[in-house]
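Q: Need coordinates for the below:
(3 chains)
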Amino acid sequence: MTTIKGLFRFSPSFRYGAIILILVLIMVGLSYVAPYEQDARRPVPVNQPPSGDYWLGTTSQGQDVFWTLTYAMRNSLTIAGIAVLIGRGIGVMLGMISGYLGGTVDRILSSIVDSFIVIPRLPLLILIAFILRGEITTLILALLIGFLDWAFPSKRYRSQILSLKEREFTHSAVFSGMSTARIVMQEHLPFIIPFLLADIVSGFLFAIGFEVTLSVLGLGDLGTPSIGTMIYWGNYYQALLANRIWVLAAPIAASIIVVVGFYLVSIGLSEYLDPRTRLARLQVAG
Amino acid sequence: MNNIIEADNLKAYYITKAYGVERTVKAVDNISIKVKEGEIYGIAGESGCGKTTLLKVLLGAHKPPLTVVDGSVKYLFAGQEMASLTASSNTLRDLKWGEVSYVPQGSMHVLNPVRRIGDTFHDFISAHRPMGKHESRKMTRAYLRDLGLPESVLRAYPHQLSGGMRQRVTIALATILWPKLIFADEPTTALDVVVQRGVIQLLREIQQKEGSTVVLITHDLGVHANLADRIIVLYAGKIVEEADTRTILKNPRHPYTQYLINSLPNIDEKTERVSIPGRPPALDNPPDGCRFHTRCPFVMDKCRTIDPEMIYIQTGHRAACHLLTEEISHVATA
Amino acid sequence: MTLLKEFVLPRIMQWVVVVFVGVTLTFLIPRLSPVNPVDQTINRLSSFQRLDPDAALSLRQSIEDLYGLDGTMFEQYLSFWGRVIRGDLGPSFLAFPTPVSEMIGTSIGWTAGLLGVATIISWSVGLVLGSLAGYFPNRWWSEAMEKILITVYPVPYFIVAFILLMLFAYYWPLFPLVGGARGTPAWTWAYISSVIEHGFLPGISVIIGAVAFRFIISKALTSTEKSSDYVQYAELAALPQRKILFSYVTRNTMLPQVTDLALSLGTIFSGALITEVVFGYPGVGYLLLNAINAGDYNLIMGITLLSIVGIATASLLVDLSYPFLDPRVRYH
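A: Down below sits the predicted model:
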């Protein structure tokens, strides 16, 4: 807890990022008290510009932009969250297996991972999403994004573990007869977890980016509002050309704000974790 | 003999502040030295005693978070005096390599890994004596020949050279413009004994040929014994003892110096090597009184609270220890 | 000789593996889906016109034939490989019976151009700016650049492209809204300038994101390199700053950035695809969008396959150039 307070006070990027994310969470919270259901049909008049009644205007499908945006944020974040859990989960596991077991297992796994990294994810995602068109739910979308994002994280975790293995305290722990499980749990985990946190935050970033990109192309779950699908439907009904910019401006602004918020937080975290600033921070004797 | 560099009451601390935590490491705490022209002056001490920090300040190469809190450093070249800490960076730059130079530990990483040795020589030479590649190449070749180093080294990349060769090349690189004052930082560390000998000889040769002054910094007293004319011993940022080499080796007066001398392997003696328990103190929170008192076998009550003053035992020999004041007062009353 | 063995051969092996995995995935994915593509196609067709049962049956058979869906899975796999090696990706459904390979062929030039230009410019500009910012971290311009690029970097390519479109092609129509160029292809100034004009916004939109990425990495690498022993020594020896920045720091930070150029090609490629969609730029991305909307199965498969093989090959070429730049790998 003290670290978060410390971060808030002394790291401007963490501070601004955290503020942004708190606002985002407020929006998400608001979605639970929205006056309309997220898939309600035409609860309000179509194509109204922003006004006192409809703060951000309404869409061509008769939905209030503001409240739809709250749902959209909730859904986009949920999708990203699941995707990150899966992607980082697999990544951590692979990285740890590779790092701890070493030898041939490591070499085989590493070459598999390296091969997958080169494969451009977007065309693959598009192919899969296209095949599943019509059957895509938010869950499936999340799984999709998650299952294709483990390669790079696993490389990073592996290198973290490799460097931890080489450290003095590991050698002394092994020497003193500590079991591998205990070494991992007690000695290494405290290093890995903060790294994991920073990584998860930046994972959110990319997951949201993918969700927006896929949905915008019409490959997401079009029935459920998400930031990407809001843009899709905006384009579908020619919001740009018909001068109904509010329909598009809201989700676009939201997408920028959300990703920037996550990014700032992740910068703040990784600066904090950077060993160089760490040494300056610690009040260690000797 | 004239002095070539003087430091007066130098205090240099590392002051860092991050995430609301301020930390001050008193790496160099009130150090005064005078190095004479033409001598080999050895600075000895364990790692963390402040010798590298002292070196940085003497060279004028200190950068934040290392700040000089007090004291001064004077260069005295060709009859001219210059306060180096307040001098402009241009003035200091003009002195580099031609007057003052620095031999670093010839580790794997001290030379640009993607640049051939010959090109690196050209970089360093032309930075201070503008000349074309052809000229600098000639100069380098001649100097290497002079020192007995193979010319083939010029076409090589650093990683292709052995550790010993790299160190020798680094020494050549640092001394090619015949500086009057050479700082050598751990020139023999991480090298095996045979190679060490070659490096020591090289340094001695250069010093004799060019008549330069060498400030030699190393924890290895054996190297000091071989090269240095005078030795100063540092501990936890403070001066512990200073004398000419013979005196230090034969008649050390400070318990720490005695410990260092005793731990030198001696081919005749077969006694057990004794080591003092404990480690040098963290310099952000040094012990009160004498900094060595926590490990000193002769510790007295006053050592724990009062910092010993520098006692001048005889000309050219000084040490900071309460045992000496006791002695002197005994002698005085005897 | 060892260089070949330790570096070149494994890397080529990796390329082979990637191509193999790519082809296999592109083969498997449609076949693993719960949705039968043939049914999908027939349904789509019959929504346009009514088919009598016989016609439907023969259509089904020919579609299965076209999609290579006859025979066992293994037989299909082998014949798929055969066709891929021959460069036959099947006919497009959208522009029946034009072969997919032909359609990709006309579009690939635009995408390759966009990708190539964007990669080169963004890598060099990002590297230079990042190195400067890393070496002089406390100047105002360094901090300003960082703040701007930090805001740009996380934004998805689509959003960047769309905003640029809105601002500069719609509200302030400085640039054309869609298309690759006006007029017939020729080496005339009229055509070339039209290419540049049409390509400007899409190019910028890809470049912005890629520059931000490169800047951040370059800055981080430069600040780390700045504290390495040889740089400290050169600075102590008062070598001129320009020399240190170019021949010492950046020369060394370039090396890892060449390897990760290979990695980031995939990302820039995806960015290019999206940008084409937004700007109607007649490259592979735009083709992909049309294929999605028309349900052109073969075309989508073909583009995916090509993307994978293309990027893998480009990465391989970039990686293989590494030994020429790093003497440590060359003279081992």
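Q: what about C:Arg86, distance to B:Ile33?
A: 82 Å (C-beta to C-beta, to the nearest Å). The C-beta positions use only the backbone N, C-alpha and C, and glycine is treated the same way.
Q: let me fix that: C:Ile85
A: With C-beta to C-beta as the criterion, C:Ile85 and B:Ile33 are 78 Å apart.
Q: cool, and B:Val25?
A: For B:Val25, the distance to B:Ile33 - C-beta to C-beta - is 21 Å.
Q: okay, and for the chain, where does confidence drop off?
A: Just so you know, I chose chain A. For chain A, the stretches with pLDDT under 70 are A:1-2, A:134, A:168, A:275-286.
Q: hmm, I had chain C in mind actually
A: Short version for chain C, where the test is pLDDT under 70: C:1-4, C:33-37, C:40-41, C:44-52, C:55-56, C:65-70, C:93-97, C:331-332.
Q: helices or strands up against the longest helix anywhere in it?
A: Determined from DSSP state H, the single longest helix within chain C is helix C:189-226. Other elements packing on helix C:189-226 under the criterion 3 or more C-beta pairs under 8 Å, 6 or more residues apart in numbering or on different chains; DSSP states H and E are helix C:100-135, helix C:140-152, helix C:157-164, helix C:251-279.
Q: Quick one: name whatever helix or strand follows that helix.
A: The helix or strand immediately downstream of helix C:189-226 is helix C:229-236, counting by DSSP states H and E.
Q: what's the neighbour count on the residue nearest to C:Tyr157 when sequence neighbours are not counted?
A: Distances taken as C-beta to C-beta, 6 or more residues apart in numbering or on different chains put C:Gly271 closest to C:Tyr157, at 4.0 Å, once the chain neighbours are dropped. Other residues near C:Gly271 come to 31 when the count uses other C-beta atoms under 10 Å in any protein chain shown.
Q: Could I get the buried residue list for the longest helix of chain C?
A: C:194-195, C:198-223, C:225-226 (16 or more other C-beta atoms under 10 Å in any protein chain shown).
Q: Stretch A:249-262 too?
A: Result for stretch A:249-262 [16+ other C-beta under 10 Å]: buried residues A:249-252, A:254-262.
Q: Assign B:Leu76 to helix, strand or coil.
A: strand (DSSP: H, G, I helix; E, B strand; the rest coil).
Q: which element follows the helix or strand containing C:Leu306 toward the C-terminus?
A: If you go by DSSP H and E, C:Leu306 is part of helix C:297-320. Helices and strands here follow DSSP H and E; after helix C:297-320, the next one along the chain is helix C:322-325.
Q: Got phi/psi on the residue of the stretch 151-300 of chain B found nearest chain C?
A: For the stretch 151-300 of chain B and chain C, the shortest gap (C-beta to the nearest C-beta) falls at B:Tyr157, measuring 4.8 Å. Torsion angles at B:Tyr157 (phi, psi; degrees, to the nearest 10) stand at phi -100, psi 150.
Q: and if you look at C:Pro154?
A: Torsion angles, degrees, to the nearest 10, at C:Pro154: phi -70, psi -10.
Q: which ones are touching it?
A: Applying C-beta atoms under 8 Å, 6 or more residues apart in numbering or on different chains, we find C:Pro154 in contact with A:205, A:209, A:259-260, A:262-263.
Q: Against B:Lys238, how distant is the residue of the stretch 151-300 of chain B closest to chain C?
A: B:Tyr157 is 42 Å from B:Lys238, by C-beta to C-beta.
Q: between these two, who's got more neighbours?
A: Neighbours were tallied for B:Tyr157 and for B:Lys238 using other C-beta under 10 Å; the higher tally belongs to B:Lys238 (22 against 19).
Q: Distance of that one relative to B:Cys321?
A: 11 Å.
Q: which regions of the stretch 151-300 of chain B sit below the pLDDT cut-off?
A: If you take pLDDT under 70 as the line, the stretch 151-300 of chain B has these spans: B:266-276.
Q: Who are the contact partners of the residue nearest in space to the middle of chain B?
A: Among the residues of chain B, the one closest to the centroid is B:Ile217, at 2.6 Å (C-alpha atoms, centre = their mean). Residues in contact with B:Ile217, defined by C-beta under 8 Å, 6+ apart, are B:42-43, B:51-52, B:54-55, B:183-186.
Q: Quick check: the two most widely separated of these?
A: B:Gly42 and B:Thr52 (14.4 Å; C-beta to C-beta).
Q: what about the two, which has more around it?
A: More crowded of B:Gly42 and B:Thr52, by other C-beta under 10 Å: B:Gly42, with 27 against 18.
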